[in-house]
Structures are given as C-alpha cells and as structure tokens.
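In: Quick one, what's the 3D model for this:
(one chain, ligands or ions: 1)
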Amino acid sequence: MKVIVIGGGIGGLTTALMLHARGIPCEVFEAAVQVRELGVGINVLPHAIRELAGLGLLPELDRVAIRTHELFYMTRAGQEIWREPRGVDAGYDVPQFSIHRGYLQKLLLEAVLERLGPQAVHMGQPCTGFSQDEGGVTAHFAPGAALAQARGDVLIAADGIHSAVRRQMFPNEPGLKWNGVMMWRGAVETDPFLDGRSMVVAGGFTYKLVLYPIAPGRTPGKVLTNWVVTHRVDPETTAPPRREDWNRRGTHDELMPHVEKFGVAVIDLPALVRATPDFYEYPMCDRDPLPWWTEGRVTLLGDAAHPMYPVGSNGASQAIIDARALADALASSEHGRAALAAYAAQRLPATAEIVRLNRQGGPEGVIDEVERRAPEGCADLDAVISFEERRAIVRGYAAAAGFTQDQVNRPSA
Ligand SMILES: Cc1cc2nc3c(=O)[nH]c(=O)nc-3n(C[C@H](O)[C@H](O)[C@H](O)COP(=O)(O)OP(=O)(O)OC[C@H]3O[C@@H](n4cnc5c(N)ncnc54)[C@H](O)[C@@H]3O)c2cc1C
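Out: The predicted structure is shown next:
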C-alpha cells in the first residue's frame, strides 16, 4: 500500500512518521517551497506527547521546548480562579510541552527526512484536488509544480484549515466561522516569570491574555516568552478579515489600548508587548463538524478535518492523535478504504465534541463564567462559584478531550 499525504504541517509529518513506523510507504506533498519556522507558541498535551515519545522524539522535544509545570486561570484583572500542575508534575507519564510551532514542525520534518529519506518529501507542491478509480487515487498539483500529479492507494489530506481537498469533498460548505475574536500573537526573549515553566490564561472571550515560555532563550538565563492578546468585537457588525490578511503584522498603535485592559501582575505586559518587534494578527475561526471525512480512498486529518478554536491547547494535539489512529487503522486492515472509514468512525465524533466545547470556551470557560457572574471582580471567589463548580468545568473538558490521567497513562497498545 502506498499512501499520499497532502500537507507537511504537524499532522501530515506525524502521519508520515507513524506510517513509516508500521512499515507503510508514504510520500508527503507540501505547498510551501521550504519549511520556515512560522507561527508562535503551541502547547502539546500529554496524550499527544505520548505518541511523539513512542516515535522516539522526547529527547529532541526536550532540547527545543519547555516542560509545562503549572497552569493558572485568572480574571482579566489578575485574580486567580484555578491553578493546577501539568504534565509529569500532575502525575502523567509524559510531559506537556510548550513549544514554538515552527520548531516542532522542523523537528518532525528532520525526523521524516532522516527516517523515510529525502525522496519522501516534495516541497512546492500545492494540491488542487484529487480523482480516484478502482485502481487508486491521484493527487493533482498546481501548474508550475515539479510534479503534475502523484498516484497512490490512499490519500490523506492534512492540508490545514483552508484545505483544498476538503473543498473538493464539500463544495457547498459555508466559509470559516468567525466568533469575532481577533488574536495578536508574538514571542520575545524575557526574564522567566513565575517558576519559568508556568502558563497563564487571564480573561474570558472578550479580552484574553495567554502567556507561556516556549524555549530556552539564546541569552543564558532568559526564556522565549509567547504571548497572545485577544479581543472580541461583534461578528454581526464587523466583517472577518480576508484570508490574505491572516497572519498580517500587527501594530503597537492598534494593540496597546487592548493591552492596557489587563491587570495581571506576573509580568509587565505593556513592556513585553512593546519589546516584541514583530507580532501577528489572526482571526479565531473554526468550521462546523462534518458529517463524514472519508470518500473512498481519501480522508481528512488535523485542521483539514476539524479546525477548532485555539482554546484548551488541542489543535496540534488532536492532529497528532489522528495520525496515530489512522496509521493503526491502515496497519491493521488489508483494505485501505475500510481502514479510512474505521479511522473516521473513531476520530470524527471525538473531535466534533472538542470543536463544540471550544466554542463555549473549553476549560477556559471557567474564566468566562466568573466574569459573567462578577463582572466587576469579587472579594470572595468561592461565594461566586464554588471550587466544585470550577473543577467540573475544567475536568469535564479534559475528559472529553481525552487527557485525564487515566486516559493517558494507559498501557501501550
Ligand atoms: C503558518 C501557520 C502558523 C500557525 N501558527 C500557529 C500558532 O502560532 N499557534 C497555534 O496554536 N497554531 C498555529 N497554527 C495552527 C496549528 O499548527 C494547527 O492547528 C495544528 O498544528 C494542526 O496541524 P495540521 O497539520 O492539521 O495543520 P497545519 O499545521 O496548518 O499544516 C497544514 C500544512 O499543509 C500545507 N498546505 C496547505 N494547503 C496545501 C495544499 N493545497 N497542498 C499541499 N500542502 C498544503 C500548509 O502549508 C501546512 O504546512 C499555524 C498554522 C500555520 C499553517
């Protein structure tokens, strides 16, 4: 069986490594001419790190990422609502990593090139669609690409939130859904804050700050600190940014009035933002869950299958888990089409539930709930929302997303 993987992002590259580990040949076709370290911070949760550890990548991850120790949820004014240890510090058998998205992509690419060989990765190959028949599936590429087409037994579309393959499968699907939240994201070298391995989420959907270190700094004693500031406008009255304007460079003039809304004491936020020369603007979008992912020899994976709001740290994590499930299905079936259907039957309902929960704020919904009940802040948090209620929101999400300790620390399959 030969597998064609469209997209060399985190999902596509992990799929290639998983297939290789099971002796299934595959080739990756990526639109970009070269992999550049794009994006800023992401968190990869223990249930996904477990899969990367199974591929032998833990030492590499430790070299370029930070083992997240503790997570804090706060109000926008900086009042603590929830704190919990994370990863190994919470009793998982593997860490949670805070990492630069570009470093993770590069690390995966290097592993693919080393293990599968350079002939397995084709850069500068934007897929425009596919055709299939009884004998196999053909991926078609844009004019000007080195290869006009590629043939295989199955095709995995890991081509991200704007997936061309998904568009062919669902031509009448409405566009991306925007909830009115604009995100500004940047990373800059700073002194460590708190214990140097902590993550802070402050504020609900209207104004939110996310802060965590993602790598050791180039200067000894410093860390590369990732920050995200979000602000929600009314999506009914404001048009979402055009796709060409995604990842546009932000300006301090536009952002600083929003930054001043936060009263978080763990770091000098205005100074942090001012010290960041380049940061990027991005709308918070997802899509409605699909009724099916698999059409004969073709299936969807990662953001192509289930783009979700980036709350609860699940975008990359769920793509990695998809990759494992898909590779297992292909390894245990003689028939590619049956394997793809089995994979989708397992992963579609699970990820649809996370898309739904993320629309309500995911575990961070606990912050929205506090701000809703006490918009001016409160002296006694427990009188506003009990510890049990707070825990129910946070833990309910962890169980749905598959990363309670029992779900992660299971015996290896
Ligand atoms: C440039 C970029 C920056 C990002 N920054 C962040 C961030 O800062 N924080 C965060 O939480 N998440 C970020 N994300 C999203 C995050 O990486 C994904 O949610 C997650 O990793 C799921 O991975 P994926 O492989 O499904 O999709 P992606 O990581 O988006 O990978 C999709 C890949 O497919 C390629 N591709 C797209 N169209 C085609 C095509 N037609 N033919 C061939 N290849 C194609 C893309 O170039 C990309 O390499 C970013 C994604 C991208 C592409």
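In: Enumerate the residues of the stretch 201-350 of the chain near the ligand.
Out: Taking Cβ under 6 Å from any ligand atom as the criterion, the stretch 201-350 of the chain approaches the ligand at residues 302-304, 310, 315-316, 319. (Each C-beta comes from the backbone N, C-alpha and C, glycine too.)
In: Recalculate using a threshold of 5 Å.
Out: Counting by Cβ under 5 Å from any ligand atom, the residues of the stretch 201-350 of the chain close to the ligand are 302-303, 310, 315-316, 319.
In: ok, for the closest residue to the ligand within the stretch 201-350 of the chain, nearest residue in space, not its chain neighbours?
Out: Using Cβ to the nearest ligand atom, residue 302 is the residue of the stretch 201-350 of the chain that sits closest to the ligand, at 2.2 Å. Distance criterion Cβ to Cβ, 6 or more residues apart in numbering; nearest residue to residue 302, sequence neighbours excluded, is residue 11 at 2.8 Å.
In: ok, and that neighbour, which helix or strand is that part of?
Out: Using DSSP states H and E, residue 11 sits in helix 10-21.
In: So what are the sheet partners of the following helix or strand past that helix and their directions?
Out: Going down the chain from helix 10-21, the next helix or strand is strand 26-29, by DSSP H and E. Strand 26-29 has the following strand partners under DSSP bridges: strand 3-6 (parallel), strand 121-122 (parallel).
In: How far off centre is the first one?
Out: In this case it means strand 3-6. 20 Å (Cα atoms, centre = their mean, to the nearest Å).
In: residues making contact with that strand?
Out: By Cβ atoms under 8 Å, 6 or more residues apart in numbering, the residues outside strand 3-6 that reach it are 12, 15-16, 19, 24-29, 127, 137, 139, 150-159, 164-165, 330.
In: Could you tell me which of the residues you listed count as buried?
Out: The neighbour count (16 or more other Cβ atoms under 10 Å) marks 12, 15-16, 19, 24, 26-29, 127, 137, 139, 150, 152-159, 164-165, 330 as buried among those.
In: Thought residue 158 was touching residue 9, still the case?
Out: Yes: proximity of residue 9 to residue 158 meets the contact threshold set by Cβ atoms under 8 Å, at 6.3 Å.
In: Now do the shared contacts for these two.
Out: Common contacts of residue 9 and residue 158, defined by Cβ under 8 Å, 6+ apart, comprise 302, 319.
In: Out of the residues of the stretch 201-350 of the chain next to the ligand, give me the one that has the most neighbours.
Out: When neighbours are counted by other Cβ atoms under 10 Å, residue 302 leads those with 30 neighbours.
In: any idea of the pLDDT on it?
Out: Here, the pLDDT recorded for residue 302 equals 98.
In: what sits up against the helix or strand where residue 109 lies?
Out: Here residue 109 sits within helix 101-116, counting by DSSP H and E. By Cβ under 8 Å, 6+ apart, the surrounding residues in contact with helix 101-116 are 8-10, 13-14, 16-17, 20, 26, 28, 35-42, 44, 55, 57, 60-61, 64-65, 120-121, 214-215, 316.
In: Give me the buried entries from these.
Out: 8-10, 13-14, 16-17, 20, 26, 28, 35, 39-42, 44, 55, 57, 60-61, 64-65, 120-121, 214-215, 316.
In: Low-confidence ranges, the protein, go.
Out: Low-confidence regions of the chain, defined by pLDDT under 70, span residues 243-246, 403, 405-413.
In: So which residue is dead centre in it?
Out: By Cα atoms, centre = their mean, the mean C-alpha position of the chain lies nearest to residue 315, the distance being 2.4 Å.
In: That residue touches residue 42, doesn't it?
Out: Yes: using Cβ under 8 Å, residue 315 makes contact with residue 42 at a distance of 6.9 Å.
In: Secondary structure class of residue 156, three-state.
Out: Following DSSP: H, G, I helix; E, B strand; the rest coil, we place residue 156 in the strand state.
In: Would you check how far apart the residue lying closest to it once chain neighbours are set aside and the ligand are?
Out: Closest residue to residue 156 apart from its sequence neighbours, by Cβ to Cβ, 6+ apart: residue 5 at 4.9 Å. Remark: distance between residue 5 and the ligand (Cβ to the nearest ligand atom, to the nearest Å) = 9 Å.
In: which strands and helices sit next to the helix or strand residue 382 falls within?
Out: Per DSSP H and E, residue 382 falls inside helix 381-384. With contacts taken as 3 or more Cβ pairs under 8 Å, 6 or more residues apart in numbering; DSSP states H and E, helix 381-384 sits against helix 365-373.
In: Buried by neighbour count: which residues of the helix it packs on qualify?
Out: 365-371.
In: In the stretch 51-200 of the chain, which residue sits nearest the ligand?
Out: Nearest residue of the stretch 51-200 of the chain to the ligand: residue 160, at 3.2 Å (Cβ to the nearest ligand atom).
In: Secondary structure class of that residue, three-state.
Out: Following three-state DSSP, the label given to residue 160 is coil.
In: start the count at 9, not 1, going forward
Out: Yep, numbering from 9; the last one is residue 168 now.
In: pretty sure it is in contact with residue 15, am I right?
Out: Yes: assessed by Cβ under 8 Å, residue 168 is found in contact with residue 15 at 6.0 Å.
In: Give the residues shared as contacts by the two.
Out: Common neighbours of residue 168 and residue 15 (Cβ under 8 Å, 6+ apart) are 310, 312.
In: Between those two, which is the more surrounded one?
Out: Shown here are residue 168 and residue 15; by other Cβ under 10 Å, residue 15 has more neighbours (28 against 20).
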